[in-house]
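Asker: what's the 3D shape of this:
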Amino acid sequence: ENRVYHYFGVGGSFLPLSLIKNYNDKWLSYLKIRGSYAQVGSSYAAYLTNYTYSPVSSVYGQYGLSVTMPYGDLIGFEATSAYPSQNLKPARQNDWEVGAELNFFENRLRIDYTYYEKKSKDNIIALPISSSTGYDAKIINAGSVSNKGHELLLSATLYESKNKDYAIDVNMNFTKNTQKLESLYPGLKDYVLTSGFSGFQIKAEEGQAFGLYGTAYLRDSATGKYIINPGTGLTQQAPSPKRFGDIFPKWNMGVGADIYIKGLTVSVLFDIRKGGVMYSGTTSGLRTAGLAAETAINRDGTIIDDGVLLNPDGSTRPNDVPVRNMEDFWRNNYTTSITEASVFDASFIKLRQLAVSYALPNKFFENSKTIKGFAFGVSGRNLALLKSNVPHVDPESNVFGTSLIGEGYEFYNSPSSRSIGFNFNLKF
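Answerer: Below you'll find the model as predicted:
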């Protein structure tokens, strides 16, 4: 059943100024209004609706009882670990958007704006079930996720000479997306999308965007300060996990400029991200091992942490218990067993790209029968991290890569690369 799904799309645009006869207003040079609607479907992987058996090359057993297959004349197969569903339906997504393009002052100022809404339903997930059933999970349709957002592109020509030998162009693009899990599954309020070490999870929870969850410090509800262990002077772990925030940014922005000076072109692009959180396992490892620069501060001394102690009557008083040494302070407070210790605001500002190129004037090739032009240049990408709240690592690092739903988790990732390139262009 449900092996066929239909998808379609419709879109249109309208040029209001074309209805005005002999329109030649320099203030508003161009106006276009557009809109579209589309429904798409996606099928599931093969055999999710059937009981299947797959050949195996080895069988694991405890106490050294593992064997390889074939074993003598016997070959081995294993059953699927996910309980199949005969009523599985394709996932569906409905999208609609409206937008407008406006050019002003003889196209020197250009604006492109889009508002969109996307809603997916019947998403296909593996719901964990009791292993006593003989399966690890059950394949079901679940979840309705909405995304609403704005996209804005501004570009302007600040200066252009009459012969076009000199020009300055600037541009800015802005995107803001709001995600929400509208509903999940009867009796189910949240679902783990991906997970990592020491209780770290990225979860979908009804009424929320995809978020980062994990273990937290034990805090005083009145002041928000740490509740300190009176015997050691160290922080303590809270008994319940905590949501630390959305993994996706509130908004993204790119700001760039292009400068032209008689064949010389200079282009620059800055990337800005605002909001979202991430966990850095590298920062935790550096701090607990005493390799981070900040661990050198007061290394041979001691510290009294900024927290409170609980009194027998339930009240609190300022902490006055010193930690035995700084090694204990860093090892305890920034261990991977407490997720909160290494959760940071993932906002950043980057110099994403800088490029310089030069094209020789055409007069150099007036008498050439073969070469008609020559240009050369140098460009760099990911050149500088200008502002970041995440110490020691690139805030865009993600151990999950692009294959899993979820970002915001870095754990001993390879450093981000900076690239420099040279180019030469011959025209014949």
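Asker: Tell me the spacing between the closest residue to residue 27 other than its chain neighbours and residue 415.
Answerer: Counting by Cβ to Cβ, 6 or more residues apart in numbering, residue 27 lies nearest to residue 104, which is 6.3 Å off, once chain neighbours are set aside. Heads up, the C-betas are built off the backbone N, CA and C, glycines and all. Counting by Cβ to Cβ, to the nearest Å, the separation of residue 104 from residue 415 is 44 Å.
Asker: So for these two, which sits in the more crowded spot?
Answerer: Neighbours per residue (other Cβ atoms under 10 Å) separate residue 104 from residue 415, with residue 104 holding more: 17 against 10.
Asker: my read: the more buried one touches residue 29, true?
Answerer: Yes - Residue 104 is within contact range of residue 29, at 6.3 Å (criterion: Cβ atoms under 8 Å).
Asker: isn't residue 262 right next to residue 165, touching?
Answerer: Yes - with contacts counted by Cβ under 8 Å, residue 262 reaches residue 165, the gap being 4.9 Å.
Asker: Would you mind measuring from residue 90 to residue 47?
Answerer: Counting by Cβ to Cβ, the gap from residue 90 to residue 47 is 15 Å.
Asker: My guess is residue 256 contacts residue 168. True?
Answerer: No - between residue 256 and residue 168 there is no contact under Cβ under 8 Å: 11.7 Å.
Asker: ends of stretch 294-308, how far apart?
Answerer: Distance across stretch 294-308, first residue to last, is 24 Å (Cα to Cα, to the nearest Å).
Asker: Give me the buried stretch members for it, please.
Answerer: By 16 or more other Cβ atoms under 10 Å, the buried positions in stretch 294-308 come out as 295, 303, 305, 307, 308.
Asker: Closest to residue 369 out of those residues?
Answerer: Comparing the buried residues of stretch 294-308 against residue 369 with Cβ to Cβ places residue 295 closest, at 68.1 Å.
Asker: Which residue, other than its chain neighbours, is closest to that closest one?
Answerer: Distance criterion Cβ to Cβ, 6+ apart; nearest residue to residue 295, sequence neighbours excluded, is residue 330 at 5.4 Å.
Asker: roughly how far apart are the one you found and residue 280?
Answerer: Noted for residue 330: a distance of 15 Å to residue 280, by Cβ to Cβ.
Asker: likewise residue 167?
Answerer: Distance from residue 167 to residue 280, by Cβ to Cβ: 43 Å.
Asker: Neighbour count: those two, which is higher?
Answerer: Set residue 167 next to residue 280 and count neighbours by other Cβ under 10 Å: residue 280 wins out with 27 against 15.
Asker: my read: the more buried one touches residue 408, true?
Answerer: No - with contact defined as Cβ under 8 Å, residue 280 does not reach residue 408; the gap is 9.8 Å.
Asker: related to what we said a few turns ago, which parts of the helix or strand where the residue nearest to residue 295 lies are buried?
Answerer: Secondary structure from DSSP states H and E places residue 330 in helix 326-333. By 16+ other Cβ under 10 Å, the buried positions in helix 326-333 come out as 326, 329, 330, 332, 333.
Asker: got a list of what the fourth one touches?
Answerer: Looking back up the chat, that one is residue 332. Neighbour list for residue 332: 232, 234, 235 [criterion: Cβ atoms under 8 Å, 6 or more residues apart in numbering].
Asker: doesn't the first one fall inside a strand?
Answerer: No - assignment of residue 232 by DSSP: H, G, I helix; E, B strand; the rest coil gives coil, placing it outside any strand.
Asker: Would you agree it is in contact with residue 329?
Answerer: No - under the criterion of Cβ under 8 Å, residue 232 makes no contact with residue 329, lying 9.9 Å away.
Asker: ok, now how distant is the residue lying farthest from the centre of the chain from residue 204?
Answerer: In the chain, the greatest distance from the average C-alpha position (Cα atoms, centre = their mean) is reached by residue 367, at 53.7 Å. Residue 367 sits 68 Å away from residue 204, going by Cβ to Cβ.
Asker: Same check on residue 366?
Answerer: For residue 366, the distance to residue 204 - Cβ to Cβ - is 65 Å.
Asker: pLDDT on the helix holding residue 330, on average?
Answerer: What helix 326-333 shows for mean pLDDT is 94.
Asker: likewise stretch 123-131?
Answerer: 87.
Asker: buried residues in it?
Answerer: Across stretch 123-131, burial judged by 16+ other Cβ under 10 Å covers 123, 124, 125, 126.
Asker: Spit out the contact partners of the second one.
Answerer: Contact partners of residue 124, counting by Cβ under 8 Å, 6+ apart, are 44, 48, 88, 91, 139, 140, 141.
Asker: Bridged to it, which residues?
Answerer: According to DSSP bridges, the partner residues bridging residue 124 are residue 141.
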